[in-house]
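Student: compute the structure for the input listed below.
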Amino acid sequence: MPMTEYEGDTATLRLAVVGSGNMARRFLKQLPDSERCELRAIGDRDPASARVLADEVAHLCEGELLCGTEDEVLSSDQVDAVYIATVHTTHAEIAVRAIAAGKHVLCEKPLTVNHAQAMAAVDAAQHAGVRLVEAMMFRFHPQMAAVRELVRAGAIGDVHHIDAGFSFLVPTERHEATIVTADLVIPDAGGHEGRLFDPNLAGGGILDVGCYPVSMARAVAGAAAGVDFLEPVELTGHGTVSDDGIDQWAIAHLRFDNGVTASLRTGVWMVDNNTVQIVGSRGTIEMLDPWALSPSPRIVVRRIGQVPEEQTFPASGAYALQMDAFAASIAGPEPEAISNADSLGNAAALDRWREAIGVRYPFERDDAAIGTVSSLPLRVPVPGGGTGEDARAARIEGLDKPLARIVMGCDHQPDLRTASALFDHYVTLGGNVFDTAHFYLDGQAERQLGRWIANRGIRDDVVVIGKGAHTPDCDPEALTRQLHESLDRQGTGHLDIYMLHRDNEDIPAGEFVDVLDEHADAGLIRVFGGSNWSVRRVAEANDWARAHGKRGFTVLSNYFGLAEPFDLPWPGCLDACDAESRRWLTEQQMPLFAWSARSRNFFTRADPADRSDELLARCFYHPENFERKRRAEKLAHDHGVSPSAIAMAYVLHQPFPTFAMYGPKTLAESRDGFRAAEVALTPEQVAWLHGDTP
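Tutor: Residues are numbered from 1 along each chain as shown. Predicted coordinates:
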């Protein structure tokens with residue numbers, strides 16, 4: 001909970017500004033127009049800079065301002081909330097630190113440098129119970145609300161296309177302090193040597209001002225569909241990238257699933273008219289100052305056969321309106337102007353735009369030493385509190401540490417920045433088991449996991465599952481080659497658990513046992529087993545091991561879930577849902593690592609009328625599974641979790657040892673899935689979920 005006592009409603013929000021540059025000055029210029037906020041502190045990494053700004057704005061404050069370092073401001077009990085006005089690369093770190101201190105956060109756009117960081121900041125705020133709002137100030141101006149309402153009301157018919165630009169030309173000579181374009185004063189960025197041209201400071205136009213037209217397009221396309229925003233189903237881009245790796249100018253073409261298209265432009269080395277035009281079937285809406293930077297923004301609505309209508313809005317004051325909306329949201333719902341989900345979508349779209357033109361900053365690359373978002377060391381809790389005796393953790397013979405029963409799959413992370421955010425988050429929840437394979441992402445998954453482990457220095461704290469010998473290379477020779485390749489990719493001397501990714505019944509099970517036992521003797525693997533192996537073949541392997549004094553299979557990893565499959569997604573896959581497999585696993589008490597424990601999100605996404613996901617429909621669409629979904633939804637409501645979490649809890653409540661494997665793509669998904677370990681189901685509820693009782 002927040003450390004301060006701000007109660008919202010009509011109370012005055014005690015605000016600190018972090019940062020003392022031009023953005024902070026522009027923001028504070030409108031502070032007198034705010035009805036809800038008062039300035040209490042200014043913080044900066046350089047306290048002297050904070051003092052200079054404090055002296056400039058002293059006339060705006062009734063009492064003495066606290067001036068000091070960022071940490072001094074964040075820890076003050078005289079501050080309810082902070083406005084972050086620093087360079088892009090510090091937004092996430094400062095936001096997370098402020099949230100940890102119990103402060104509400106209004107963070108200048110872009111919320112963070114990338115989607116991975118944005119997920120971390122949003123998750124931290126939501127989990128801490130504080131408000132986080134992206135300061136995309138044009139979204140708070142009444143002009144934007146008016147345009148959205150015109151679009152929703154069909155004022156220009158069906159929206160077909162959006163054209164939006166926001167660019168400026170940075171002076172090439174350092175003595176040219178400013179350049180004015182479209183009523184916008186661009187601060188001195190130090191010529192072509194300043195922050196806008198520094199890849200280590202996330203320079204370029206896409207993040208600095210390209211975030212505006214992306215946000216505009218998503219909001220207008222959403223209004224046309226009757227929702228707050230839409231995500232583009234297609235995004236392509238072109239542009240010019242400097243030798244240093246920043247975008248000097250760029251364009252993007254977007255398509256939304258309601259048929260709306262958009263053309264966007266941005267740049268720090270390009271002059272634009274900086275307007276927005278929305279084209280509909282019966283007219284157009286033109287925003288002459290869409291970014292609400294001039295004293296009196298105006299829009300022009302042109303309808304076929306009618307006289308153009310012009311609307312002029314009062315003196316901008318968008319920053320003050322933003323402050324007051326932020327303050328009001330602390331005691332109520334998120335601001336109508338922009339939600340966290342909206343900000344996350346914008347961050348993802350900006351990532352896509354940069355990827356389309358080949359801009360990835362040095363600190364984001366897959367060979368970078370990407371740190372935690374907070375820049376603090378990753379805290380690694382012991383799963384289950386070290387007991388290994390509750391629903392959160394278990395022990396496996398041959399391993400010297402408890403294993404979290406929720407296992408992170410490493411096959412959905414597109415890059416190291418996303419993997420780092422997901423893996424860090426999973427560990428803080430109490431997870432320590434990572435499932436990867438030689439086959440995943442053509443080796444990139446193993447490289448990312450290995451790099452992350454090296455960056456955090458926690459190899460001894462985690463359990464790594466590796467898999468190899470996937471069809472068609474499923475034989476002892478291929479197994480050995482792939483094991484060494486996996487170890488090389490991960491940069492570690494051993495794997496804790498190694499599994500054959502598929503079976504090849506043309507090869508006697510004993511031949512696999514022999515080579516796996518040799519690798520265990522050599523210290524390359526600790527324990528081993530099979531993935532997508534029948535219990536009959538596992539029994540054959542273990543009979544051979546006992547007869548020849550070898551180690552046997554210790555674990556099995558097949559599909560197992562509340563939704564029983566009528567087909568499996570990929571060739572060579574096996575499930576353990578049948579009665580024979582359940583009986584054998586119970587008798588042997590062999591740990592089962594259940595892949596796709598959420599059944600491809602069947603319990604969250606499945607709809608009998610929607611067959612757009614061919615694999616989901618082919619494998620799980622059946623009346624029995626939809627009845628199980630209905631029952632999971634009932635228990636989910638009772639337990640205050642999602643139906644997917646109930647499905648994972650079902651996997652964990654079996655008469656044999658189980659681990660639920662999942663592959664979340666977002667931190668929200670990860671947190672939701674991990675809650676399965678907190679759900680206690682009775683044997684009667686487990687049977688009822690499966691349909692064994694009425």
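Student: neighbours around the residue nearest to Phe674 when sequence neighbours are not counted, how many?
Tutor: Spatially, and ignoring its direct neighbours in sequence, Phe674 is nearest to Leu429 (4.6 Å; Cβ to Cβ, 6 or more residues apart in numbering). Just so you know, the C-beta spots here come from the backbone N, C-alpha and C atoms, and that holds for glycine as well. Neighbourhood size, Leu429 [other Cβ atoms under 10 Å]: 20.
Student: and Leu429, how far from Trp595?
Tutor: As judged by Cβ to Cβ, to the nearest Å, Leu429 and Trp595 stand 20 Å apart.
Student: what's the spacing between the residue of the chain positioned farthest from its centre and His115?
Tutor: Farthest-out residue of the chain from its mean C-alpha position, per Cα atoms, centre = their mean: Ala547, at 50.0 Å. Going from Ala547 to His115 by Cβ to Cβ gives 54 Å.
Student: what does Ala153 give?
Tutor: As judged by Cβ to Cβ, Ala153 and His115 stand 32 Å apart.
Student: which of the two has more neighbours?
Tutor: Neighbours per residue, other Cβ under 10 Å: of Ala153 and His115, the larger number sits with His115, 24 against 9.
Student: enumerate every residue touching the more buried one.
Tutor: Listed by Cβ atoms under 8 Å, 6 or more residues apart in numbering, the contact set of His115 reads Leu344, Ala347, Ala348, Leu350, Asp351, Thr418.
Student: excluding chain neighbours, what is closest to Arg148?
Tutor: Excluding the flanking residues, the one nearest Arg148 by Cβ to Cβ, 6+ apart is Ala223, at 4.4 Å.
Student: wait, doesn't the one you found sit right on Ala153?
Tutor: No: in this structure Ala223 lies outside contact range of Ala153 using Cβ atoms under 8 Å: 9.4 Å.
Student: quickly list what's touching both of these two.
Tutor: Shared contacts of Ala223 and Ala153, defined by Cβ under 8 Å, 6+ apart, are absent.
Student: if we can go back for a sec, check the contacts of His115 and tell me the two furthest apart.
Tutor: The largest separation in the contacts of His115, counting by Cβ to Cβ, is between Leu350 and Thr418 at 13.9 Å.
Student: okay, helices next: where are they in the stretch 401-550 of the chain?
Tutor: Assigned by DSSP state H, counting those that start in this stretch, the helices in the stretch 401-550 of the chain fall at 416-429, 444-456, 476-490, 509-521, 535-547.
Student: need the contact partners of the longest one.
Tutor: Meaning helix 476-490. Helix 476-490 is contacted by residues 436, 438, 443, 446-447, 449-450, 453, 464, 466, 468-469, 473, 493-495, 498, 500, 507, 511-512, 514-516, 519, 524-525 when judged by Cβ under 8 Å, 6+ apart.
Student: hmm, back to that, among the contacts of His115, which are located in helices?
Tutor: Those of those mapping onto helices are Leu344, Ala347, Ala348, Leu350, Asp351, Thr418, per DSSP state H.
Student: just put the residues you listed in CSV and tack on pLDDT and neighbour count.
Tutor: Below are those laid out as CSV (pLDDT from 0 to 100; neighbours: other Cβ atoms under 10 Å):
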residue, pLDDT, neighbour count
Leu344, 98, 23
Ala347, 98, 26
Ala348, 98, 20
Leu350, 98, 25
Asp351, 98, 24
Thr418, 97, 21
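Student: of those, closest to Pro694?
Tutor: Leu344 (42.2 Å).
Student: so the closest residue to that closest one other than its chain neighbours: helix, strand or coil?
Tutor: Excluding its sequence neighbours, the residue lying closest to Leu344 (Cβ to Cβ, 6+ apart) is Ala118, at 5.4 Å. Look at Ala118: counting by DSSP: H, G, I helix; E, B strand; the rest coil, its state is helix.
Student: Ala118 and Val359, how far apart?
Tutor: From Ala118 to Val359 the distance is 17 Å (Cβ to Cβ).
Student: low pLDDT regions in the chain?
Tutor: In the predicted model of the chain, residues 1-10, 172-193, 385-391 satisfy pLDDT under 70.
Student: and stretch 19-37, end to end?
Tutor: 17 Å (Cα to Cα, to the nearest Å).
Student: and that stretch, which residues are buried?
Tutor: Neighbour counts over stretch 19-37 (16 or more other Cβ atoms under 10 Å) mark 19-20, 23-28, 30-31, 34, 36-37 as buried.
Student: which secondary structure element contains Leu39?
Tutor: Assigned by DSSP states H and E, Leu39 belongs to strand 37-43.
Student: by contact count, what packs against the very next helix or strand once past that strand?
Tutor: Where DSSP H and E defines the elements, the next helix or strand beyond strand 37-43 is helix 47-57. Where contact means 3 or more Cβ pairs under 8 Å, 6 or more residues apart in numbering; DSSP states H and E, helix 47-57 is packed against helix 22-29, strand 37-43, strand 66-68.
Student: turn these into JSON lines, including distance to Asn542.
Tutor: Below are the helices and strands packed on helix 47-57 laid out as JSON lines (distance: least, Cβ to Cβ, whole Å):
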{"stretch": "helix 22-29", "distance to Asn542": "66"}
{"stretch": "strand 37-43", "distance to Asn542": "63"}
{"stretch": "strand 66-68", "distance to Asn542": "66"}
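Student: if we can go back for a sec, got TSV for the helices of the stretch 401-550 of the chain, with distance to Asp367 too?
Tutor: Output for the helices of the stretch 401-550 of the chain, formatted as TSV (distance: least, Cβ to Cβ, whole Å):
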stretch	distance to Asp367
helix 416-429	8
helix 444-456	7
helix 476-490	13
helix 509-521	28
helix 535-547	39
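Student: and the ones you listed, which is most packed in?
Tutor: helix 416-429 (a mean of 24; mean count of other Cβ atoms under 10 Å).
Student: run through who's touching it.
Tutor: Outside helix 416-429, the residues that touch it by Cβ under 8 Å, 6+ apart are 114-117, 119-120, 123, 364-366, 368, 370, 372-373, 378-381, 406, 408, 410, 413, 434, 448-449, 451-452, 455-456, 458, 462, 664, 667, 670-671, 674.
Student: go on, stretch 590-597?
Tutor: Stretch 590-597 is contacted by residues 394, 396, 407, 409, 435, 465, 531, 538, 553-561, 569, 576, 584-585, 647-648, 651, 654, 656-662 when judged by Cβ under 8 Å, 6+ apart.
Student: ok, so of the buried residues of stretch 19-37, who is nearest Val209?
Tutor: Using Cβ to Cβ, these come closest to Val209 at Met23, 12.4 Å.
Student: distance of the closest residue to that closest one other than its chain neighbours relative to Ala394?
Tutor: Nearest residue to Met23, sequence neighbours excluded (Cβ to Cβ, 6+ apart): Ala85, at 4.2 Å. Per Cβ to Cβ, Ala85 is found 48 Å from Ala394.
Student: higher neighbour count, these two?
Tutor: Shown here are Ala85 and Ala394; by other Cβ under 10 Å, Ala85 has more neighbours (26 against 20).
Student: the more buried one reaches Ile42, doesn't it?
Tutor: No: counting by Cβ under 8 Å, Ile42 is not a contact partner of Ala85; they are 9.8 Å apart.
Student: hey, what's in contact with both of these two?
Tutor: Val17, Val18, Ala24.
Student: contacts only, for the first one.
Tutor: The neighbours of Val17, taking Cβ under 8 Å, 6+ apart as the test, are Ala24, Phe27, Leu28, Leu39, Ala41, Ile42, Gly43, Leu53, Val82, Tyr83, Ala85.
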